Every structure is written in C-alpha cells, then in structure tokens.
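Trainee: Need the 3D shape of this:
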Amino acid sequence: MERRKISEEVYDKIIKQIPNKIIEMLPDKPENLLRYATRIKEVQFSKNVDEPTKKLMKEKLLSDEEYLRTFFFVMAITFYNKKRVENPQIKIVAAQTGSGKSNLTAKLLREDENYIFVDSDKYKHFRYDAKDIANEYQVLYPFLTGPDGYDHADNIYEYAIANKYNIIKESAPSKNKGLLNVDAEELLKNNYKISVYILAVGELNSLLSVHERYELQIIHGLKTAKLTSIGRHDESYEALIPNVKEIIDDKRISRINVYIRGNLANEYNPTQIFPSERFCDIIEALKVVREEDNDNTKKEFKERYELVHKQMEARKAPKEQFEQLEEIYRRSIKWRKNM
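Mentor: Got it, this is the predicted structure:
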C-alpha cells in the first residue's frame, strides 16, 4: 500500500507543542524521526464496513498536525527505556481471536522486557479525541480510530527494524495473509531471528472467551471495548493449522513453540507443550490439545454461558449481540452431544 510523508512545514508547526518530557523520552531527535511518520494514501475498508461507517472513518482521520503530535507521544511511550541490540529478534504470537494471545505476550515480556510490543489497539487511545469518539460512537470506535492506529503501528515497526530493536507482534491467522503477516526477507536482511509462539485453544473456548472479554471490558468501564464477530473468529481458527503447515519447513524461522492457555489456578500463565516429551509433532500437538480444550470447555460451558447472558441482560445488550451468543450456544449443543 502506497504511503506518503508528512511535510517539514507541519513539523515546524507542531514541534513546539510537544512537552520537553516527551522529547526526552524519544529514541532519537524528533527531526530524525519525522521520516518514519508516514501515512497510508488511501483508507482501506474491510468488506463488512457499510457506507455510513466509511464516511465517518474518513471524517475522523487525524489531520497531519494531529497525527504527528500523536506520533511523538506513541514513539516516546513505546521506546522509552528500550535498548537496541546487535542480534535482534522478533517473536510472533499467533492464534485465533479470543484465544488469550495477550497473556502469552505478557509472559514473553516478563521473561525479557527489552522488546517493543507493536500494538495498534493501544495506539488508538493516544489520539486527542479518543474519549470523545468512544462516548459518541462506542460500537464504531475500532473502525473510526483504526486507520491512524494502524499507521502508527507501521511507523513503530519500521523504526524498530531499521534500528535493531527486539519486537513482539500478535497475529490472528488468515487464509489470505498467512500466519506471520510480516516480510520475512526484510527481517533477515536486518539480521533478525524469527520465532513463532502459538496458542492451542479449542474453538468453543475462544468463542465464549470473545464474549467474556467484552463483558469484562464493559464492567471495567472501557468504552472502547470491541466484540469480535463469529465470522472473524472462525476464519482465524480454521486458518491456523493450514498456516502452520506452510511454515513448518521454512528455514527462515528459527523456532516454533506451542502453548496452552493458562487458567485461574496458575494465574493465566500459558504453558509450553511443544516441543516437549509428550509431543514431537507440531500438528499433532495442535489437534490433540485443541480437542482436549474443547472437552474441558464443554464441562464448564453452561456456567460460563449463563454468567455472560446475565451480564448482557443487566446492561440491555443490543439484539445482535444476543444473537451471536445464541449461535455459540447452538454450536455448544452439537459439541456436548459428542461428549
């Protein structure tokens, strides 16, 4: 996708508005960072976006001045106290939506804090009007803040690679984009070691988790909560194993590890199950553990489902959200009959 630069005239207008504290936190002089503040020339829309939403997305795009101000804040927070390394690594955390990727990412960051976590959802909150958009367009917030958030993520990623910072990225598998969703050749040219960390989670568990996460975000007052559609979940779930098969023999990848998600007993700390004494084949590990996870979820499904349903009733959730939850319930009946 074609990108454009922000002019020096815009930079001259806004640089004095950036607090000295933020400038001191930047990984380089602001004038040297300007060339990384690029923006996509034309907004890309997914197939499920209707025309009124497309119009709003265009209206809510940040001006170049607003975008550049936000860019410096994002750069400062992301790179503060992070060190460049001689032999950089990128860790890609992959699984379907609702699988608990954030817990595995947190585990990896606890093991080594000197990583840049490229997170477009986080960058959306840095814009000056984030709260206003969340209050006025709660359901549409991810769409209206998405284009600028994705641009900031691209900026962060490009700077990190050019300057040899360790990187963590999360990826939801896709039939079209594959598992890695990065340019492996570019990474190798910059001396990066590529590792992949996969979560093996059953579809019933991750589907229900999508709703549980959404309700928890609302309870905590997060107006930017996002409810993933069943369609997007299913696409990422079904694409995972075919995506993994594509990279098993890829010599550019140095490591592929598989984890099971954590639970309350172990403080939601994911546990590695491949490679291990139990599994020597990655596809077998994914299939077996996914099935085991579905079996465990079947036993607790009723209790989890009823809690989510009560939470939705209490807040008078929209009809379409109840319809999605009921579709998950219908699927659970089929799965539980096979117990």
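Trainee: Contact partners for the nearest residue to residue 5 once chain neighbours are set aside?
Mentor: Distances taken as C-beta to C-beta, 6 or more residues apart in numbering put residue 38 closest to residue 5, at 5.6 Å, once the chain neighbours are dropped. No exception for glycine: its C-beta is placed from N, CA and C like everyone else's. Residues in contact with residue 38, defined by C-beta atoms under 8 Å, 6 or more residues apart in numbering, are 3-6, 151, 154-155, 158.
Trainee: For residue 292, state which of those is nearest.
Mentor: Proximity of the contacts of residue 38 to residue 292 (C-beta to C-beta) peaks at residue 154, which lies at 37.9 Å.
Trainee: part of a helix, is that closest one?
Mentor: Yes. Assigned with DSSP: H, G, I helix; E, B strand; the rest coil, residue 154 falls within a helix.
Trainee: Helices of this structure, residue ranges please.
Mentor: 8-14, 20-25, 30-33, 51-59, 64-79, 101-111, 120-124, 130-136, 141-162, 184-189, 203-219, 230-247, 282-314, 319-337 (DSSP state H).
Trainee: for those, which one sits closest to residue 45?
Mentor: helix 51-59 (5.5 Å).
Trainee: on that earlier part again, residue 259 is nearest to which of the helices of the chain?
Mentor: Each of these has some distance to residue 259 by C-beta to C-beta; the shortest is helix 101-111, at 5.9 Å.
Trainee: And that closest one, what does it pack against?
Mentor: Applying 3 or more C-beta pairs under 8 Å, 6 or more residues apart in numbering; DSSP states H and E, we find helix 101-111 packed against strand 89-94, strand 167-171, strand 193-199.
Trainee: which residue packs closest to residue 185, ignoring adjacent ones?
Mentor: Of all residues not flanking residue 185 in the chain, residue 252 sits nearest, at 7.8 Å (C-beta to C-beta, 6+ apart).
Trainee: number of nearby residues for residue 154?
Mentor: By other C-beta atoms under 10 Å, 18 other residues sit near residue 154.
Trainee: Please report how far the spatially closest residue to residue 119 that is not a sequence neighbour lies from residue 4.
Mentor: Excluding its sequence neighbours, the residue lying closest to residue 119 (C-beta to C-beta, 6+ apart) is residue 153, at 7.1 Å. According to C-beta to C-beta, to the nearest Å, residue 153 stands 17 Å off from residue 4.
Trainee: Compute the first-to-last residue distance for stretch 262-282.
Mentor: Separation of the first and last residues of stretch 262-282 by C-alpha to C-alpha, to the nearest Å is 19 Å.
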